[in-house]
Each structure stands twice: as C-alpha cells, then as structure tokens.
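S.K.: sequence first, then the predicted structure, then my questions.
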Amino acid sequence: MPSLSFETLSFNKTKTHLTITLLKLFTTKIPLEEVNAISEFTLPNPNAITFEKGTQEKIQLKFSYLLEKYFDSLTTKLTGNPATYIHKNTGIPLIGNVAFGIVYRNSSIIEIKPVTSCNLDCVYCSISEGLSSTKHDFVVELDYLLEELEKILRFVNEPLEIHIGVQGEPFLYADMDLLIEKLQPLELVHTISIDTNGTLLNKERIDRLAKCTKLQLNLSLDAIDSQKAKIIAGTKTYNVEHVKEVIKYASQKLNVIVAPVLTKGFNEDEMDKIIEFIKSLPKQPILGIQNFLHYKTGRKAAQEIPWDEFYALLEKLEKKHDIKLKLSKEDFHIRKIKPLPKPFNEGEVINATIKCPDRFPHSVIAVAKGRNISVPLCEFKKDKKVRVQIVRDKHNVFTGKIV
Ligand code: SF4
C-alpha cells in the first residue's frame, strides 16, 4: 500500500477533515471527501498517511497537489493568523523582505529569519508582534534557508556572525535546535546569536544547545517583580521566575546577554533589581539595557526617554552598581562587508509576479530576479503578473508600487 511520511507534518483525522500540522505551530485542514477521492486512507503514525489503492507515484502527486492547495489556507495556531510556508518549490526567494529569510545589511552580522509570531505580547514590541497580532505569518523550510545562506557565505567569504533575530520568538520554530546545530560547523560562521524571550527554554534544552559552542543567547528580562513582568510581557502566563532560572543556567553554559528594555512608567524602578540579580549569578552575563523607542510599526505604550537622559541614567547605575552597561558597536565587533548585488534600483520599473500576502493587510509580496518586493495597497492574486516601480531598495529590502 502506498505510504507517505513527513518529518515536518503531522496528521489527525476528524469526522469531516484531515487536519495537518506543519512544524508544530501551523495548521490547515483538508475536507475528508477530497482525501478519500484519492483513496481510502489510514494514519499509521502521526507523521505518515497510507492509502489503500494506487501507485506510490500517483498517490504522491495527488496528495502533493492537495497539500499545496490547502497550504494556501495555513494559519498560525497561536493567533489564527494566516501564514505562508516558504519552501524551495514556492518560487519565493529568501532575500528582499525584513520579516523572513535572509537580511544582508552589508555588515558582518547576517540576519536569518525562519519564522514569525510570538507567544508574548510585550508592551514595547517594536514590531507589534505577539498574541494580539493580526499580521500574516511566515515559516521557512530549514533546508531551503540553509542552502540560500551557504550561497551568501560563499559570496562573502569572510568570517561572520549569523544573527537569528526573528519577528517573534525564534524557539517557536520547531526546527530551531536543528538549525543551530547545522550552523555550528560552518567554517565562516564565528558566532550564532539569537534573540529570545526565554520562555520556551529549559535546562535540558540549554544542555543540548550548549553543544553549539558558537551560540550566544540574547535574553529579555524586563522586571523582577512578577506582576510588572506579566504586564510588560502582555500576558498573565508569563513566568519571570522561569526566565530567571533560564538566565542563571544558560549563563553558566553559554555566552549570554541579558537585554531589558527600559520603558517609561513600566520598569524604571526594576533596573536596580535586574542589576542585582545579574550580579548575584554564579557566572555574570553581559547586561545591555536598551531604550524603548517608537517605531513606525511598533507599540507605543510609553513616551520615549530622551537619549541624554537615558545615558545619564545608565551612567548613574554603572557607578552605583560597579557594572558596565553602555555597550557600543565595538563590543559586538561589527564591520562592513562587500554589498550584495542589487538586481534593480530605486525608481526602476520591472515585471514581477505576485506570490503571497505580505505582513500587513492589503499588501503582497511580488517576486522578480531572485528578490522579494513588498507591494502595499495591492490585492492578492497568486501568480498574477504586475508592473512594479521600486520605491525603496535599501540593503536589498525592496518596496514597490503598482504602475
Ligand atoms: S518577545 Fe519580542 S517579539 Fe515577542 S512580543 Fe515581546 S518584544 Fe515582541
């Protein structure tokens, strides 16, 4: 009997549908009559589907067709938001969009973004991500991301940091540990840094991750008081004691930077307590207090603290607690690297193909010459050909408008 197995998919049969879970976080469902039209089927284990009749080849073809059709209705389990799975066969490149794939800013830190979405809802979130988000989500196939990254590494051919800085919580990506493991042996990669809220880590997972000696965890910690921490995280489920344990344990095994966001009216009086906690740890991580800033797409829960006031406060805290708090570019060894060629420039009008919705409503991603172009105010129609004028091309992140 023909049988299909999947590493990234799991199946569940209900009375009316075959429910499919992709990478634990995304889901879609196919009406049973459409699956039964291929042939009667059983689920021998959660990751496999066996059909009673047909050849392996034909079953594979027909089932792949159904998957592709219903992946168009993929949603994120946490929020119910629509999502797009970007894999090798989608024809969607990994360069050109800040939300997913690879972002190359001509610096020795290359960002990779395999997933969007977050299990918190922080009041200061610079991208308004989290449980209340209504944005479109993305998830990228691991092998595709690695293949494209290796092409970039060959192009750059000098030592680099890979920064996993996703629009959301990176450890929601089911393949995250595997991704880090696969980055570890890459010769040109000297550091793998990752920004995380720490909620999905535990001692066992940290032990596994600690085998990757190039890994650096950038962990959030915004308050010591548990009620304040819940308010800042935007969810009652946030448990700061767990995150403190994660910081304590991880800092003994890995390089750790703790990065509180100082947010006026929420946590000014928590900074002393955070510093005291950091100083009490058996191995002290770096502490990098950040200033809450207003971003175009971010939450504006508080007023910004002017920079001179912010630095004066850091200086006061540095003196009071005898700790270094002001981190500079030099601390992160950032340098310029050769620019990635741009296939088109601002002002140019090009032919492109619409491939999927973009993060915000009424915006789409169009594709041309191996790049994604965000096109706002455009109706989504898959594979529609359009004429687009490039209005922004900074760092190979493109925005266009329909002409
Ligand atoms: S953990 Fe990060 S991505 Fe998630 S809501 Fe908070 S700031 Fe935003």
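M.R.: All right, it came through fine.
S.K.: contacts only, for the residue positioned nearest the centre of the chain.
M.R.: In the chain, the residue lying closest to the centroid (CA atoms, centre = their mean) is residue 166, at 2.8 Å. With contacts defined as CB atoms under 8 Å, 6 or more residues apart in numbering, residue 166 is in contact with 113, 114, 115, 116, 173, 195. From N, CA and C alone the C-beta is placed, and that goes for glycine too.
S.K.: same thing but 10 Å
M.R.: Listed by CB atoms under 10 Å, 6 or more residues apart in numbering, the contact partners of residue 166 are 99-100, 111-118, 127, 129, 138, 140, 172-173, 176, 194-196.
S.K.: what ranges do the helices span in the stretch 51-200 of the chain?
M.R.: With DSSP state H, counting those that start in this stretch, the ranges of helices along the stretch 51-200 of the chain come out as 56-71, 142-156, 176-183.
S.K.: for the record, mean pLDDT for the second one?
M.R.: Along helix 142-156, the predicted local confidence has a mean pLDDT of 97.
S.K.: buried residues in that helix?
M.R.: Of all the residues in helix 142-156, those buried under the rule 16 or more other CB atoms under 10 Å are 142, 144, 145, 146, 148, 149, 152, 153.
S.K.: tell me who's in contact with the third one.
M.R.: Residue 145 sits next to 86-87, 94, 100-102, 112-114, 173, 175, 179, 182 when contact means CB under 10 Å, 6+ apart.
S.K.: can we see that at 7 Å?
M.R.: By CB atoms under 7 Å, 6 or more residues apart in numbering, the contact list for residue 145 reads 94, 112, 114.
S.K.: hang on, isn't residue 222 packed against residue 234?
M.R.: No: applying CB atoms under 7 Å, one finds residue 222 not in contact with residue 234, separated by 10.8 Å.
S.K.: these two: who's more crowded?
M.R.: A direct count of neighbours by other CB atoms under 10 Å for residue 222 and residue 234 places residue 222 higher, at 28 against 19.
S.K.: tell me how far the spatially closest residue to that one that is not a sequence neighbour lies from residue 262.
M.R.: Excluding its sequence neighbours, the residue lying closest to residue 222 (CB to CB, 6 or more residues apart in numbering) is residue 232, at 4.5 Å. According to CB to CB, to the nearest Å, residue 232 stands 11 Å off from residue 262.
S.K.: of these two, who's got more company?
M.R.: Between residue 232 and residue 262, counting by other CB under 10 Å, residue 232 is the more crowded of the two (26 against 21).
S.K.: in terms of pLDDT, where does the more buried one sit?
M.R.: 98.
S.K.: and it, helix, strand or coil?
M.R.: Classification of residue 232 using DSSP: H, G, I helix; E, B strand; the rest coil returns helix.
S.K.: one step back: in TSV: the helices of the stretch 51-200 of the chain, plus distance to the ligand.
M.R.: TSV is the format used below for the helices of the stretch 51-200 of the chain (distance: least, CB to the nearest ligand atom, whole Å):
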stretch	distance to the ligand
helix 56-71	25
helix 142-156	19
helix 176-183	15
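S.K.: done for today, thanks.
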